[in-house]
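**Q** heads up, no residue letters with this:
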């Protein structure tokens, strides 16, 4: 520009000042065919990445900066502008130094002597947003079509007055558009739907939240239908509600099928009374105040003598009689459990009133004569009544009913003196379950990972015994281990766990722990079996034997001998539940275990009990001083784990990481 002193009405200095202060990037070129760049403002650096000097030295003309795909169009527009003297351009792209490009908008002015002044502004974000908006609009149109085709849609104003309905709404309700628009939504509300439901609905959407739920609605002809509905508040730019959109799906067929299934699941097929499943549900949801279990004496003999058809007739007659009697007691509910068992519950307080009701009922049934093929049959009933907490009502009433038969009374009421019978029954039950489980090989190990606190890797697993019941239920040893010791089934449990755990880990590299009691160690048969199993499988190098610490040691030398034998086979030793029972640091020095498992009762309270923290801290300090590793049991949550790590414990075990698993991952 040194050879140019004036351009139009501008001096050279004035023009440069204008170009340099412009918020846009300004170029000045001559209008010959080459678009020679004579000046460029310094903010070209932020736009294209080039300095002023690089632009002036490296680019012959302005066309070199224009994206090749846009160059022809811009050239045509420039030629047209020269003819019409209207310098307007569609947005085009300029190439950046880093190889990318930027969308710009140009405004140009023709100065005197054939010079042009162009100003370009970065509009990339605008272009991107516009393109994105077009895509969003297209998507929204598609979603709208899909929604209207597949859903029942309505819109309403802030007061719930309908402003729009789609064809699906009209089809399912039988209403016309004129009957809907301008009316409140309750035009199809079914009276069975509680008012509280709609109150909660409005509270939700008025607080600008989405409401979801299932509603029973009513068609124009009064028939019901069910919908799965979502209501969305629509907000304006200030965040205020302007309308509501409700989207529904007709689920009437599903609900009707559920009602049929529920009726079948909760109703006794013979008497159509609520069954055991319904009783259990009611006991958990709305616990009654008292429960009476009524049983027909010697009913199986009646079935054998008169046949099952007549047996069913007896039960139906009995159900009708009890139901008829209970119409005078609206707080009572009658259930038919199975075969000859009926249950009566009451929601009313007052034990004497319920006891009197049941005794009067049994007195009435005693005089009931059932006619079977000309035979008049008198029924004898036994009943147990319980006023215990809801979780124990059925079991305690059953105990009372058995006691009534034992003492030859019609009615017996449960009290604490019958509790011993419950213990005996539990012992017999678990003894039987254990026997069956051992025969069917359903005493199995579950494996809980032991986690390295530094790496968080599952480096070890503890084999924990479980009993799989005939119905597939999984029971922990808290239910059966003590009984197993009393009934001499304990040795068989140990053998089953050892065999299966060794087979699982025989060819694995990770370590497995097994629990042995002092009884296991001092019993010569069990001890020999364990040592021979270690030798046979070669599992010793990745086996940890956990000695249950809470049981104490009477024959100390025998335990030390066992530890010496298994360590010679490569095994490691852990003292389990340390902190309970015979906790004695001198024992640790004599037994020389590799690991100390800190009892879960202390780990469980470590975050809120200062004493537990101090005791654990002492154990860890002692263990570290003699080179023993520590393991925390019952790490139940993140806070407990963080405390364990802070204390410097080496390993963690608990539900925070994983429950015991039936297989090893």
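**A** Thanks, I have the structure now. In this text the structure is predicted, and so the values were computed from the model without any measurement.

**Q** and residue 161, what does it touch?
**A** Residues counted as contacts of residue 161 (Cβ atoms under 8 Å, 6 or more residues apart in numbering) are 182, 183, 184. (Glycine included, C-beta is placed from N, CA and C.)

**Q** For residue 283, give me its contacts.
**A** Taking Cβ under 8 Å, 6+ apart, we find residue 283 in contact with 390, 391, 393, 394.

**Q** meant to ask about residue 258
**A** Under the criterion of Cβ under 8 Å, 6+ apart, residue 258 has no contact partners.

**Q** Name the helix or strand for it, please.
**A** In the assignment (DSSP states H and E), residue 258 maps to helix 252-266.

**Q** likewise residue 547?
**A** Per DSSP H and E, the secondary structure element for residue 547 is strand 543-548.

**Q** tell me the mean pLDDT over that strand?
**A** Average pLDDT, strand 543-548: 90.

**Q** cool, and stretch 336-344?
**A** On average, stretch 336-344 scores 89.

**Q** Same question for stretch 619-636.
**A** Per-residue pLDDT over stretch 619-636 has a mean of 91.

**Q** same check, this time on stretch 511-530
**A** 91.

**Q** swap in stretch 591-601?
**A** 87.

**Q** do the same with stretch 604-612
**A** Stretch 604-612 carries an average pLDDT of 87.

**Q** can you check stretch 433-448 too?
**A** Mean pLDDT, stretch 433-448: 90.

**Q** ok, now stretch 263-273?
**A** In this model, stretch 263-273 has a mean pLDDT of 84.

**Q** how about the strands of the stretch 351-500 of the chain, start to end?
**A** 369-372, 375-378, 381-386, 411-413, 443-452, 458-468, 474-475 (DSSP state E, counting those that start in this stretch).

**Q** so which of those strands gets nearest residue 511?
**A** Comparing the strands of the stretch 351-500 of the chain against residue 511 with Cβ to Cβ, the closest turns out to be strand 458-468 (4.3 Å).

**Q** What residues of the closest one count as buried?
**A** Neighbour-count burial for strand 458-468 flags 458, 460, 461, 462, 463, 464, 465, 466, 467, 468 (criterion: 16 or more other Cβ atoms under 10 Å).

**Q** Could you work out the most separated pair of those?
**A** The span of the buried residues of strand 458-468, defined through Cβ to Cβ, is set by 458 and 467 at 25.0 Å.

**Q** how about low-confidence regions in this protein?
**A** By pLDDT under 70, the low-scoring segments of the chain are 1-34, 60, 85-89, 109-117, 126-150, 367-376, 418-426, 549-555, 579-584, 586.

**Q** Mind splitting it into its structural domains?
**A** 6-128, 151-255, 268-414, 428-652 (automatic domain parsing).

**Q** Compare those and give me the one nearest residue 662.
**A** Evaluated over the domains of the chain, closeness to residue 662 peaks at domain 428-652, with 5.7 Å, by Cβ to Cβ.

**Q** about what we covered before: compare the contacts of residue 161 and tell me which has the most neighbours.
**A** Neighbour counts for the contacts of residue 161 (other Cβ atoms under 10 Å) peak at residue 183, which has 16 neighbours.

**Q** Grab the nearest non-local neighbour of it.
**A** residue 162 (5.6 Å; Cβ to Cβ, 6 or more residues apart in numbering).

**Q** thought the one you found was touching residue 156?
**A** Yes - with contact defined as Cβ atoms under 8 Å, residue 162 counts as touching residue 156 (5.2 Å).

**Q** Mutual contacts of these two, please.
**A** Joint contacts of residue 162 and residue 156 (Cβ under 8 Å, 6+ apart) are residue 185.

**Q** nearest to residue 215, of the buried residues of strand 458-468?
**A** Distance ranking of these against residue 215, using Cβ to Cβ, places residue 468 first at 43.3 Å.

**Q** sorry, back to before: tell me which of the strands of the stretch 351-500 of the chain lies nearest to residue 334.
**A** Checking those against residue 334 by Cβ to Cβ gives strand 381-386 as the closest, at 13.1 Å.

**Q** partners of that closest one, with directions?
**A** Here strand 381-386 has these sheet partners by DSSP bridges: strand 290-296 (antiparallel), strand 411-413 (parallel).

**Q** just those strands: most buried one?
**A** Each of the strands paired with strand 381-386 was scored by mean neighbour count; the highest is strand 290-296, a mean of 25, by mean count of other Cβ atoms under 10 Å.

**Q** Show residues contacting it.
**A** 302, 314-315, 318, 322, 340-346, 351, 354, 358, 362, 379-387, 393-394, 397-398, 400-401.

**Q** which of those count as buried?
**A** Using 16+ other Cβ under 10 Å, the buried ones in the contacts of strand 290-296 are 302, 314-315, 318, 322, 340-346, 354, 358, 362, 379, 381-387, 393-394, 397-398, 400-401.

**Q** contacting residues for the residue lying closest to residue 660 once chain neighbours are set aside?
**A** Spatially, and ignoring its direct neighbours in sequence, residue 660 is nearest to residue 446 (3.6 Å; Cβ to Cβ, 6+ apart). By Cβ under 8 Å, 6+ apart, the contact set of residue 446 is 463, 464, 465, 466, 474, 660, 661, 662.

**Q** ok, these vs residue 627, which is closest?
**A** Nearest to residue 627, judged by Cβ to Cβ, of the contacts of residue 446 is residue 463 at 25.8 Å.

**Q** Isn't that closest one up against residue 445?
**A** Yes - with contact defined as Cβ under 8 Å, residue 463 and residue 445 form a contacting pair (3.9 Å).

**Q** Quickly list what's touching both of these two.
**A** By Cβ under 8 Å, 6+ apart, residue 463 and residue 445 have these common neighbours: 497, 500, 501.

**Q** what residues are up against the second one?
**A** Residue 500 is in contact with 444, 445, 463, counting by Cβ under 8 Å, 6+ apart.

**Q** Just grab the bridge partners of the second one for me.
**A** Using DSSP bridges, the bridge partners assigned to residue 445 are residue 465.

**Q** Three-state assignment for residue 171, please.
**A** helix (DSSP: H, G, I helix; E, B strand; the rest coil).

**Q** how close does it get to residue 152?
**A** Residue 171 sits 9 Å away from residue 152, going by Cβ to Cβ, to the nearest Å.

**Q** returning to what we had before: so can I have TSV of the strands of the stretch 351-500 of the chain showing distance to residue 214?
**A** Formatted as TSV, the strands of the stretch 351-500 of the chain follow (distance: least, Cβ to Cβ, whole Å):
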stretch	distance to residue 214
strand 369-372	45
strand 375-378	49
strand 381-386	37
strand 411-413	43
strand 443-452	39
strand 458-468	38
strand 474-475	34
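
**Q** of all these, which lies closest to residue 205?
**A** The minimum distance between residue 205 and these falls on strand 474-475, with 44.3 Å, by Cβ to Cβ.

**Q** which residues touch that closest one?
**A** Residues outside strand 474-475 that contact it (Cβ under 8 Å, 6+ apart) are 433, 446, 466, 467, 468, 469.

**Q** Need phi/psi at the last one.
**A** Here the main-chain torsion angles of residue 469 (degrees, to the nearest 10) amount to phi -80, psi 170.
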